[in-house]
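Quick one, fold the following:
(one chain, ligands or ions: 1)
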Amino acid sequence: MQQTQRRSRELESIAPFRRSPDVPERCDADVTGTVPSWLQGDLLRTCPAVFAQGSWQAQHWFDGLGQIYAFRIGASTVRFQSRLLDSEAAREIAGGRAKLSSFGTPTERSAWQRLLQPVQRSTDNTNVNIVQMGDEVVALTEGARQLRIDAASLRSLGVRPYGPDGLGGNVMSAHPHRDFARRKVVNLATSFGAGGGVVSVYEHDDRTHVRRVVGSWRTDRVPYLHSFGLTPTRAVLLAHPFAVRPRDMLWSNLGYIDHFEWRPQDGTRLIVMDRGSGATTEHEADAMFVFHTVNAFERDGETVLDALAYPDAAIMEDLRVARMAERLPDLRPKLVRITMRPGRPRADVQMLGDAAFEFPCIHYRRSSGSDYRYTWGAADGPRDEDGYASSIVKVDVRSGQSCAFSDGERIYGEPVFVARPGGVDEDDGVLLTVGCSQRTTGSALSILDARDMTLLARADVPASIPLGFHGSFIGEREQGGRP
Ligand SMILES: [Fe+2]
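The predicted structure is shown next:
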């Protein structure tokens, strides 16, 4: 216990996990270079920020208590603001008792509590993603609850209500899709029962709070589904063999992911669901492990899914606090294209170039669900005695060619693509990415030209912003990026 706590505190001294006190009032960033005049709006992001408090310590990166932050880009200024997420999970931990489930940290439930409630209540520590749904800004994690966030103050406004719709208590993905043509949010919800699990694809209008089940897939072993693919008529689930028998979760105090088992002999199942009828067809491929799908589309009756694939689920262990305090993980999945053809059980898997990166983004409004050319992401950079810098990579998925930006100092996270209003080309826009440095306590928002990956402008703030997962740009003129 003491060793884990020491490692949690060690982790908070490393740049990607170091945090400054809240900045609730907006402060001016120091801008160098030229911010495009058309780029006006808010980059909202969330990240795990607190890894130890009192007797509690996070054992997995994903369990750090969440922080919400904003870079507000105006006509002549960039302003910064941040606030720790007010959640039931954070209040419990502050009170010295962590009873809600978490990703890879055991809960502290008594035998009596376990008996009364065999399945852990899922966390509301929504530190994974923040998206716009209609007029609301919503913070997400992999759980049964999402939190509404006041976009101006970054305060939590409480749980986003749903239902009654039969999906109460289901674990929702933190990577919903948006169907712009039909003005729908589409997502996954998983229920765990003694006899197995049910993964449902559901949808709802931007502004409504009733989820309609599109279709369901039942399985004995439930895969860890972090994201999924969506085309105009199909949803695609990548059911890798990192899975759990739901009955193993009953009465348990283990972290959610600690119930999952890597079984490469089971291979990968690909579930293609018709969004009209809910009917599913299944294909198979060799074992792989995937956090993030990149895009999916239909081509001559085929279903194509691009994803970032690891050879196995070992990365999940590398993301534990004890490991990360000693060495930053190698986030080097490969971009693969999985093609599923009607009537053929075996899916075709081919690599698209040799770039290895995580946190993919695309020109979502234009390319999601259709054949496309470009993706961008965060890639490992050079490692030496002075530290480590990441790069932001651009991949042409048609040629496999890639190029990258790095300033040799900062560790950048997910790039967010913002299209230039009126732009014609798929890569006509900018990338917004936030980085921190081991050499300074400050952080920076860098704005890159998405075409040639040159640095257009950088907005430095004196705050340490931990490396996070996902976020959204909510623009004055560009609305509706990837949820
Ligand atoms: Fe993610």
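
worst-scoring helix or strand of this structure, pLDDT-wise?
strand 383-384 (a mean of 62; mean pLDDT, DSSP states H and E).

I'd like to know how many residues surround Gly96.
Gly96: 11 surrounding residues under other Cβ atoms under 10 Å. (C-beta placed from N, C-alpha, C; glycine too.)

tell me the helices in the stretch 1-150 of the chain, going along the chain?
Ranges of helices in the stretch 1-150 of the chain, per DSSP state H, counting those that start in this stretch, are 2-11, 88-94, 111-116.

Would you mind saying which of those helices lies nearest His209?
Closest to His209 of the helices of the stretch 1-150 of the chain, according to Cβ to Cβ: helix 88-94, at 19.5 Å.

who touches that closest one?
Residues from elsewhere that reach helix 88-94 (Cβ atoms under 8 Å, 6 or more residues apart in numbering): 50, 53-54, 56, 65-66, 84, 98-100, 102, 123-125.

So which of the residues you listed sit within strands?
Counting by DSSP state E, the part of the contacts of helix 88-94 found in strands is 50, 53, 56, 65-66, 84.

can you pick the most crowded of those residues?
Most neighbours among these, by other Cβ under 10 Å: Gly66, with 31 neighbours.

Quick one, which of the helices of the stretch 1-150 of the chain gets closest to Gly413.
Between Gly413 and the helices of the stretch 1-150 of the chain, the tightest spacing by Cβ to Cβ is seen for helix 2-11, at 16.1 Å.

returning to what we had before: closest to Ala463 among the contacts of helix 88-94?
Nearest member of the contacts of helix 88-94 to Ala463, counting by Cβ to Cβ, is Leu84, at 12.5 Å.

With adjacent residues omitted, what lies nearest to the closest one?
Gln67 (5.3 Å; Cβ to Cβ, 6 or more residues apart in numbering).

Surely the one you found touches Arg19?
Yes. Gln67 lies in contact with Arg19 (Cβ atoms under 8 Å); the separation is 6.8 Å.

where does the protein dip in pLDDT?
For the chain, residues meeting the criterion pLDDT under 70 lie at 1-5, 382-387, 476-483.

list the contacts for the closest residue in space to Ala58 that isn't next to it in sequence?
Nearest residue to Ala58, sequence neighbours excluded (Cβ to Cβ, 6+ apart): Phe51, at 4.5 Å. Each residue near Phe51 by Cβ under 8 Å, 6+ apart is listed here: 8-9, 11-12, 17, 57-58, 63-65, 321.

Write the ChimeraX selection for whichever of these are buried.
A single ChimeraX command selects the buried members of those (16 or more other Cβ atoms under 10 Å):
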select :8,11,12,17,57,58,63,64,65,321
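
all strands of the stretch 251-400 of the chain, in order?
Remark: strands assigned in the stretch 251-400 of the chain by DSSP state E, counting those that start in this stretch are 261-262, 268-274, 280-285, 289-299, 302-310, 334-340, 348-356, 358-361, 374-379, 383-384, 387-388, 391-396.

What helices and strands are in contact with the first one?
Same thing as strand 261-262. For strand 261-262, the packing partners by 3 or more Cβ pairs under 8 Å, 6 or more residues apart in numbering; DSSP states H and E come out as strand 242-244.

Relative to Tyr69, how far out is Ser277?
Per Cβ to Cβ, to the nearest Å, Ser277 is found 42 Å from Tyr69.

Settle it for me: which of those two has more neighbours?
The residue with more neighbours, out of Ser277 and Tyr69, is Tyr69; 28 against 10, by other Cβ under 10 Å.

I figured that one was touching Phe80, is that so?
Yes. Tyr69 is in contact with Phe80 according to Cβ under 8 Å; the separation is 7.1 Å.

what sits in contact with each of these two?
Taking Cβ under 8 Å, 6+ apart as the criterion, Tyr69 and Phe80 both touch Val23.

Which positions within stretch 37-51 qualify as buried?
38-39, 41-51.

Same list (the helices of the stretch 1-150 of the chain) but as CSV, adding distance to Val199.
Listed next are those as CSV, based on distance: least, Cβ to Cβ, whole Å:
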stretch, distance to Val199
helix 2-11, 33
helix 88-94, 24
helix 111-116, 26
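
which one of the ones you listed is the most hemmed in?
Highest mean neighbour count among those (mean count of other Cβ atoms under 10 Å): helix 88-94, with a mean of 19.

Report the backbone C-alpha coordinates of that helix in PDB.
The C-alpha trace of helix 88-94 is given here as PDB (Å, rounded to 0.1, in the frame of the first residue of the first chain):
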ATOM      1  CA  GLU A  88     -19.500  11.500  -6.500                       C
ATOM      2  CA  ALA A  89     -16.300   9.600  -7.000                       C
ATOM      3  CA  ALA A  90     -14.100  12.600  -6.000                       C
ATOM      4  CA  ARG A  91     -16.300  13.300  -3.000                       C
ATOM      5  CA  GLU A  92     -16.200   9.700  -1.800                       C
ATOM      6  CA  ILE A  93     -12.400   9.700  -2.100                       C
ATOM      7  CA  ALA A  94     -12.200  13.000  -0.200                       C
END
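
quick one: contacts for Arg323?
317, 329.

What's the local residue count around the closest residue to Asp258 other than its chain neighbours?
Of all residues not flanking Asp258 in the chain, Gly104 sits nearest, at 6.1 Å (Cβ to Cβ, 6+ apart). For Gly104, the count of nearby residues is 20 (other Cβ under 10 Å).

just the one 3 residues further on next, same as before
For Thr107, the tally of surrounding residues (other Cβ under 10 Å) stands at 21.

what's the spacing between the nearest residue to it once chain neighbours are set aside and Ala52?
Nearest residue to Thr107, sequence neighbours excluded (Cβ to Cβ, 6+ apart): Asn253, at 4.9 Å. Distance from Asn253 to Ala52, counting by Cβ to Cβ: 19 Å.
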